[in-house]
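Visitor: Following is a predicted model, sequence given first.
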Amino acid sequence: MTSMAKETQQRSAVLQGTLDMLILRTLLYGPAHGHQIGKHIQRTTNDFLQMQHGSLYPALHRLERRGWVLSKWETAPDRNREFKYYRLTEKGRKQLLVEESQWKQMAEAVARVMWPAAEES
Amino acid sequence: MRWWQIRTRDADLERELRSDLDLEEEEQRDSGLSGEEAHSAARRAFGNPTLIREQTREAWGWAPAERFWQDLRYAIRQLRRAPGFTITAVLILALGIGAVTAVFSLIDAALLKMLPVENPELLVQFKNISPTFPINDAFSYPAFKTMSEQSQVLAGVLAFRKLHNIDFEVDAHSGLAEGQLVSGSYFSVLGVKAIRGRTLLPSDALAAGQNPVAVIGYDYWRSRFALDPEIVGKKILLNNAPFTVVGVTEPEFYGVQPGAKIDVSIPLTTMVLVNPGFAASGSQYDVLTAPMRNWLYMMGRLQPGVTREKATASLQPVFTELKQEAVASLAGQPVDSPALREAVLDYRLQLDPASQGLASLRQQFSKPLWVVMAVVALLLLITCANVANLLLARANAREREMAIRLAIGAGKFRLMRQLITESILLGVMGGALGVALAYWGSSSLLALMAQGRSPVSLRVQPDLRLLAFALAVSLVTALIFGTIPAWRSTDVDPSHGLAQNTRSATSARERHGLGKALVVLQVAVSLVLLVGAGLLARSLTNLRDYYPGFNRENVLLFHVDPTVAGYKDVVPIYERLLDRLRAMPGVRSASLSVHEPLSTNVSDSSVKVQGPYAHQGDDLAPVDIEPVGPEYFATMETPVMRGREFAEGDRSGAPEVAIVNQSMAHHFFGDTDPVGRFVSIPAYRGDTSWMQIVGEVRDVKVHDLRESPTLMLYVPMWQAPEGGATFEVRTAMDPAHVETAALGAVKSIDERLPVYAVKSLSDQLDDSLVEERLVGSLSSTFGFLALLLTCVGLYGLMAYTVNRRTGEIGIRMALGAQRGRIAAMVLRETLLLVGLGMVAGVPAAFFASRLIASQLFGLKPGDPVTFLAACVVMIAVTMIASYIPARRAASVDPMRALRSE
């Protein structure tokens, strides 16, 4: 029990507003279903980013409503079952670029305030 | 996504979540957990699926609508579970909303609605404004012709004149109709079409008497011709002159005066056929040429982009020329005088907006209808308070339900939204029933309005406008009565609410206080309505009891017009008829006059006086002229103050005589005796001959009971006969008994003589009070309803209080309180509430009564008797309402009350 509590402390919830970007970036590799997307983000960050299903599914449906992703029930290649696969649309690709550049600007701005010395060297 | 896809979408989401949850479980099993453990681990990792689903659905953007739909279904279930409450609330609301909607439908039809013609906002009405004379809406035919040519600012001009009581004969059956004479441009300027045949054209109105064609109104086509498809080409007789029907107007069209009845329209130029005396064809007074004969109402249609101000300014030069022509035409006429010339030149042209038509009905009913609207709005406020009280009582019953729902995590605002949805549902149901009530109610209101002296024909239909109004009223009402109870019912502390003894919860006591406040409000508003109703009803009684200068009882009135049957000399006919009437059993005396008593019509003229008199030079003072028969004042029982009244000998050939009323005598002669003096009325008679004053009579009310005394000059009928005349027959019994015999006497002289407007003098007096009766009866009815609703509310509150306090009353009794004192306790509490209501209500009523001061007669707005009576009635009735709860309190069985506690 205690180890679990410790573990939770080291994890962090996905930063507000970046979830959409992370999902879109994940889908750049190809179509994926909700479970895969969640697992991918979690694993890639070495379990640092805790993927809440309560935000994942609303985000996916929101992206679909905006036309950035498309969904379709398809049979998985490795097993005989249907999953709901999401894939990136052309609009979604453009959106990813926009969000990425915004995030970069944001990160740089934060960095300049936090570590001014690093900037000089 | 559309809302109807939500269900499919929902299933899809459920499938998606389940498949991912299964995957998670598989993975957990792969990592070595047993089936059961894997299942719960997956659950833990995944989170609450219901919550996820809810959150995802929010992302679809349809959540608000969906929640509303949920709330609505829940509300329907809740209301179905409490049918007694639902029916009571819906009925009360239907009453309030129905009353407001009914009155609004009349206001809309009579005062607000635009004319059903093309682009009504471009229509203007022509008016003559003068500093010396009251506003005059009538113009001459030459003025109409000139204005028609001003096409740079006016796209078209129309002129018309009403034709009252026209004899409309078809297939040898005569009947009475309301008609109008119209210019050839009338229908094209308005943009009104015919549904059968054609409307009138400019070519129909070119020369006097040339084109006897007629267009009839849809309603008349239905009532008189049963929608006969062969109507076009039908030959008819109008006042005995042959006409041909050429078309029927659209059903929506009712002329340019809302509420007026237009059965038939004929060209202006046919005046010479239907009323040759008035047309004076060929003489210097010819209606089609004389610049001084103002007999036409004119409306124009502005050119697009031209404002009223611009049009008025650019028409002034033409108008000035017209005035100069009119003054020039005065030369050599008996009426000519420097003062008159100056007055004519003082006229100024004004264009008034006329998108709603001419204003006669608006002027008559505007004030009364708004007063009634205020009354029903207050009634609606009472119904709101009443239903709010019902909801509060219901909130107490649902306290536990709310506490449980709050305890298991429902949001306060979510619950409020649900309760308000219930209120809206109630409001809309009440509104739907109210519209049905309103439809029924507005037709009875219309029937009441139509009893006046001029025929009122309004069309009230439940159109979209009205439905939108009713819906808006229902929603606003629902929000008013629903919000506070909803706030209160969700303001529950779950731990308190869930405790077994909910009666000790503090919030309940506050809610109780709110109920009391609502009752106080109802008492206050009811008191305002009661005082208003009392004042108006007593004014009506005062008006009815008022002595108008004649005795209203036992007089039969009817109108005869021999000129319609082709007679030129009417005096012999009238003499024979008077002889026959006087010889009839039960008749005490009979006489005649041109206008009926309390008529809306008037002939006025300026007077010239021979010799010295007061107000020298003021010879433009308008005097009402009334030709009356011999023994007129004896028949009307109007006292003759000086001299004598007209006799059989005052006929043509004998010296010309006249009688003045007190006001005229005083105006011109001060305190000196007017008898023996000479006056003349050149503008009225067309000659300057002097008439000797032979008598002075008491002032009578001429047009309505509220008017200030008018200057009256009576002339003998035999010396100044006009077309038709009203006969006054004084009887020894109810005049209804001699009606048949009197009409028989007319027909015995000539079958063809048309008789109209048969009624008793007291009915005529009542008809003149139509506005007062409308306001009086409606405010009494609604005042009574308000009182009833207040009592129901008070009864409900007291019954509920007693019920809640059963335990306390039981203890009091067990400790020795007597039953009488317990009952007195309840009554005292009621009295306190009613007293508080009256403290608020009396000043409000005082303020409100000042707003209706102009509607009152014979008493002051703050009339103490009425106020006292209203307070006494209020106390008495509310005491009766609380008597039953008081008795129930007194009959509480202490043993039983304590056991249940």
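Guide: Done, it's in. Numbers count the residues shown, from 1 in each chain, chains lettered A, B, ... in the order given.
Visitor: Just the strands from chain A, written as ranges.
Guide: A:12-13, A:32-33, A:49-50, A:69-75, A:82-88 (DSSP state E).
Visitor: Save those strands as a markdown table, and put in distance to B:G247 too.
Guide: Any C-beta I mention is one placed from the backbone N, CA and C, and that applies to glycine too. Output for these, formatted as a markdown table (distance: least, C-beta to C-beta, whole Å):
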| stretch | distance to B:G247 |
| --- | --- |
| strand A:12-13 | 81 |
| strand A:32-33 | 75 |
| strand A:49-50 | 84 |
| strand A:69-75 | 65 |
| strand A:82-88 | 70 |
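Visitor: Share the number of residues neighbouring the closest residue to chain A within the stretch 801-901 of chain B, please.
Guide: Going by C-beta to the nearest C-beta, chain A is nearest to B:R804 of the stretch 801-901 of chain B, at 45.3 Å. The burial count assigned to B:R804 is 15, neighbours taken as other C-beta atoms under 10 Å in any protein chain shown.
Visitor: Then the one 4 residues further on?
Guide: As a burial measure, B:E808 scores 14 neighbours (other C-beta under 10 Å).
Visitor: Which helix or strand lies directly C-terminal to whichever strand or helix holds it?
Guide: Secondary structure assignment for B:E808, by DSSP states H and E: helix B:806-814. Later in the chain than helix B:806-814, the nearest helix or strand by DSSP H and E is helix B:819-851.
Visitor: quick one: contacts for B:L789?
Guide: For B:L789, the contact set (C-beta atoms under 8 Å, 6 or more residues apart in numbering or on different chains) comprises B:I92, B:L95, B:L379, B:I382, B:T383, B:N386, B:Q522, B:S526.
Visitor: go again using 7 Å as the cut-off
Guide: The neighbours of B:L789, taking C-beta atoms under 7 Å, 6 or more residues apart in numbering or on different chains as the test, are B:I92, B:I382, B:T383, B:N386.
Visitor: Output the below-cut-off pLDDT ranges for the chain.
Guide: No chain in the question, so chain A it is. Scanning chain A for pLDDT under 70 picks out A:1-17, A:117-121.
Visitor: wait, I meant chain B there
Guide: For chain B (pLDDT under 70), the answer is B:1-4, B:61-63, B:132-135, B:359-361, B:453-455, B:462, B:496-512, B:616-620, B:900-901.
Visitor: From the chain's centroid, how far away is the helix holding B:E808?
Guide: Helix B:806-814 has its C-alpha centroid displaced from the chain centroid by 55 Å (C-alpha atoms, centre = their mean, to the nearest Å).
Visitor: Only the buried residues of it, if you could.
Guide: Within helix B:806-814, the residues that qualify as buried are B:T806, B:I809, B:G810, B:R812, B:M813, counting by 16 or more other C-beta atoms under 10 Å in any protein chain shown.
Visitor: ok, now which ones touch residue 24?
Guide: Assuming you mean chain A. Residues counted as contacts of A:L24 (C-beta under 7 Å, 6+ apart) are A:W68, A:L88, A:G92, A:Q95, A:L96.
Visitor: ah, no, chain B please
Guide: B:E24 neighbours (C-beta under 7 Å, 6+ apart): A:H35, B:A42, B:A45, B:F46.
Visitor: Now distance to chain A too, for the buried residues of helix B:806-814, in JSON lines please.
Guide: Listed next are the buried residues of helix B:806-814 as JSON lines, based on distance: C-beta to the nearest C-beta, whole Å:
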{"residue": "B:T806", "distance to chain A": "50"}
{"residue": "B:I809", "distance to chain A": "55"}
{"residue": "B:G810", "distance to chain A": "55"}
{"residue": "B:R812", "distance to chain A": "58"}
{"residue": "B:M813", "distance to chain A": "60"}
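Visitor: Cool, thanks, talk later.
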